[in-house]
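Visitor: one predicted model, sequence on top.
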There are 2 protein chains.
Amino acid sequence: MALAHKGLDADIVPWRFTETDRLAFAGTDKVPVLVDGDRVVHDSTAIAEYLDEAYPNAPALFHGDPAPRRFVLAWTNAVLHPALVRLIVSDIPPLLDDKARAYFIQNREARFGMTLAQVTADRDTQLGPFRTLLAPLRQVVAGQDYVGGDEPDYADYAVFGAFQWARCTSPFRLLEEADPVFAWRERMLDLFGGLARDVPAFEV
Amino acid sequence: MALAHKGLDADIVPWRFTETDRLAFAGTDKVPVLVDGDRVVHDSTAIAEYLDEAYPNAPALFHGDPAPRRFVLAWTNAVLHPALVRLIVSDIPPLLDDKARAYFIQNREARFGMTLAQVTADRDTQLGPFRTLLAPLRQVVAGQDYVGGDEPDYADYAVFGAFQWARCTSPFRLLEEADPVFAWRERMLDLFGGLARDVPAFEV
């Protein structure tokens, strides 16, 4: 989404959880990694900041100052992602190949201290608290089209990334259609000719 | 804090909960209300936006665009304030005069459906979840001095306003000294020659 926002073409390279050797050149074991000529940048936010620096004439992701947008990113990492994981994590193993599945189950069960089926067992009752937790996002996108204002910016892509990940991995219905967050997610799915809508995903 | 940030002088008029008749001229029953010549503006954020429009040569509260900062404001309203109220509300009545106290207790007990003593009865056990809930703020101010970046902006004043209100009304200790949020609050208390530190408050 950030590359599309900047109008930049890129080769997208599929990658699996367990293929950490393929990322060693970048000094990380996590995606995303951006390779731009001689430059290698990892971490989504670092990549977005790099893109604004390296391509200042393309539409800005941060409008010159990442600092005031850090709160939305921190909320996405500290609040939204952990809450989403608890609702959908058990839907992920069936989508993985054998090696990735074994790694994923072992790693995540150790993190939660229970089976993944147990993590999501009460997700129907957790849905109410999850929707309550979206209150700040809901207030914002009820009053303006995007988190960034009239146009989307990197804050939108960061928050949307969590929802897109859920949509690509789980059929569990997170949002009611009447929720302003649902309408915002639809707007995000429509961006760039339906870039995010057109990947294999569940209709949620 | 917003007026000090803009370098504007103002007469600060004390006001009590029950004195709604004194606000009728502004078409609201809530503070703050700003009177600037012929202009009357109410609601903190609306006032801050007005100040940036009316005094564009003074330091900016929003750096030209309130929209990307709305998320922090929404989080303050939807998450921080409700959580703070549950920790300190029973400390407020003793600070009020008779008329305001009667109004406050009746109004708030109706809202919570229990006595104010019951609301805060388990606040020692609620402190852990409260501190967890500050995670996005903590992440941000651990990495940069202010929510706004190297310098405070309106996002800082909005979040700080909640903590200042707590500090002025309750001796309940919300933050540990080792918490980056504590250090950020100290920085806020130091701004403008200790403007916020110098009001009657509890040492928390």
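Guide: Happy to help now that I have it. Residues are numbered from 1 along each chain as shown, chains lettered A, B, ... in the order given.

Visitor: mind listing the strands for chain A?
Guide: For chain A, the strands defined by DSSP state E occupy A:33-36, A:39-42.

Visitor: hey, which of those is tucked in deepest?
Guide: Most buried of the strands of chain A, by mean neighbour count (mean count of other CB atoms under 10 Å in any protein chain shown): strand A:33-36, with a mean of 17. (C-beta placed from N, C-alpha, C; glycine too.)

Visitor: what is that strand packed up against?
Guide: Other elements packing on strand A:33-36 under the criterion 3 or more CB pairs under 8 Å, 6 or more residues apart in numbering or on different chains; DSSP states H and E are strand A:39-42, helix A:44-54.

Visitor: how about these in JSON lines, adding distance to chain B?
Guide: As requested, the helices and strands packed on strand A:33-36 are exported to JSON lines (distance: least, CB to the nearest CB, whole Å):
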{"stretch": "strand A:39-42", "distance to chain B": "17"}
{"stretch": "helix A:44-54", "distance to chain B": "11"}
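
Visitor: could I get the ones you listed as a markdown table with mean pLDDT?
Guide: Formatted as a markdown table, these follow (pLDDT from 0 to 100):
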| stretch | mean pLDDT |
| --- | --- |
| strand A:39-42 | 97 |
| helix A:44-54 | 96 |
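
Visitor: ranking the ones you listed by burial, who's on top?
Guide: Counting by mean count of other CB under 10 Å, helix A:44-54 has the highest mean neighbour count of the helices and strands packed on strand A:33-36, with a mean of 18.

Visitor: contact partners of that helix?
Guide: With contact meaning CB atoms under 8 Å, 6 or more residues apart in numbering or on different chains, helix A:44-54 is reached by A:2-3, A:6, A:8, A:32, A:34, A:36, A:39, A:41, A:58, A:60-62, A:64, A:66, A:73, A:154, A:157-158, A:161.

Visitor: which of these count as buried?
Guide: Buried members of the contacts of helix A:44-54, counted by 16 or more other CB atoms under 10 Å in any protein chain shown: A:2-3, A:6, A:32, A:34, A:41, A:60-62, A:66, A:73, A:154, A:157-158, A:161.

Visitor: dump the residue contacts of the residue lying farthest from the centre of chain A.
Guide: Relative to the mean C-alpha coordinate of chain A, counting by CA atoms, centre = their mean, the farthest residue is A:Asp38 (26.5 Å). Shown in contact with A:Asp38 (CB under 8 Å, 6+ apart): no residues.

Visitor: what about it, distance to A:Ile47?
Guide: The gap separating A:Asp38 from A:Ile47 is 15 Å, by CB to CB, to the nearest Å.

Visitor: what's the answer for A:Gln144, then?
Guide: For A:Gln144 relative to A:Ile47 (CB to CB), the value is 25 Å.

Visitor: for chain A, what lies in contact range of chain B?
Guide: Where chain A comes near chain B, counting by CB under 8 Å from any CB of the partner chain, the residues are A:63, A:65, A:67-72, A:74-75, A:77-79, A:135-137, A:139-140, A:143-144, A:147-150, A:153, A:155.

Visitor: separate out the buried members of those residues.
Guide: Here, 16+ other CB under 10 Å leaves A:63, A:67-72, A:74-75, A:77-79, A:135-137, A:139-140, A:144, A:147-149, A:153, A:155 buried among the residues of chain A next to chain B.

Visitor: run through the residues that contact the residue nearest the centre of chain A.
Guide: Centroid check for chain A by CA atoms, centre = their mean gives A:Gly161 as the closest residue, at 2.1 Å. Going by CB under 8 Å, 6+ apart, A:Gly161 touches A:1, A:44, A:76.

Visitor: cool, A:Asp29 as well?
Guide: A:20, A:23.

Visitor: from A:Asp21, how far out is it?
Guide: According to CB to CB, A:Asp29 and A:Asp21 sit 9 Å apart.

Visitor: before we move on, what about A:Cys168?
Guide: Here A:Cys168 is placed at a distance of 24 Å from A:Asp21 (CB to CB).

Visitor: higher neighbour count, those two?
Guide: A:Cys168 (14 against 8; other CB atoms under 10 Å in any protein chain shown).

Visitor: where exactly do the helices run in chain A?
Guide: In chain A, the helices defined using DSSP state H lie at A:2-6, A:44-54, A:70-75, A:81-88, A:98-112, A:116-119, A:123-133, A:135-143, A:154-169, A:180-194.

Visitor: for burial, what's the neighbour tally of the closest residue in space to A:Pro94 that isn't next to it in sequence?
Guide: Distances taken as CB to CB, 6 or more residues apart in numbering or on different chains put A:Arg101 closest to A:Pro94, at 7.9 Å, once the chain neighbours are dropped. A count of nearby residues for A:Arg101, using other CB under 10 Å, gives 16.

Visitor: test my guess that A:Arg101 contacts A:Asn107.
Guide: No. The pair A:Arg101 / A:Asn107 is not scored as a contact, 10.9 Å apart, by CB atoms under 8 Å.

Visitor: look up the pLDDT of the nearest residue to A:Leu3 once chain neighbours are set aside for me, please.
Guide: Closest residue in space to A:Leu3, ignoring its immediate chain neighbours: A:Ala10 at 5.2 Å, by CB to CB, 6+ apart. Listed pLDDT for A:Ala10 reads 95.

Visitor: torsion angles phi and psi at A:Ala10?
Guide: With angles defined as degrees, to the nearest 10, A:Ala10 sits at phi -160, psi 150.

Visitor: ok, it - how many residues close by?
Guide: 11.

Visitor: tell me the pLDDT of A:Pro32.
Guide: Taking A:Pro32 on its own, its pLDDT is 96.

Visitor: quick one: residues contacting it.
Guide: A:42-44, A:47.

Visitor: if we use 7 Å, what do you get?
Guide: If a contact means CB atoms under 7 Å, 6 or more residues apart in numbering or on different chains, then A:Pro32 has A:42, A:44, A:47 as its contacts.

Visitor: quick one: the spatially closest residue to A:Val141 that is not a sequence neighbour and B:Ala74, what's the gap?
Guide: Once flanking residues are discounted, A:Val141 sits nearest to A:Trp184: 3.9 Å by CB to CB, 6+ apart. Distance check for A:Trp184 against B:Ala74: by CB to CB, it reads 13 Å.
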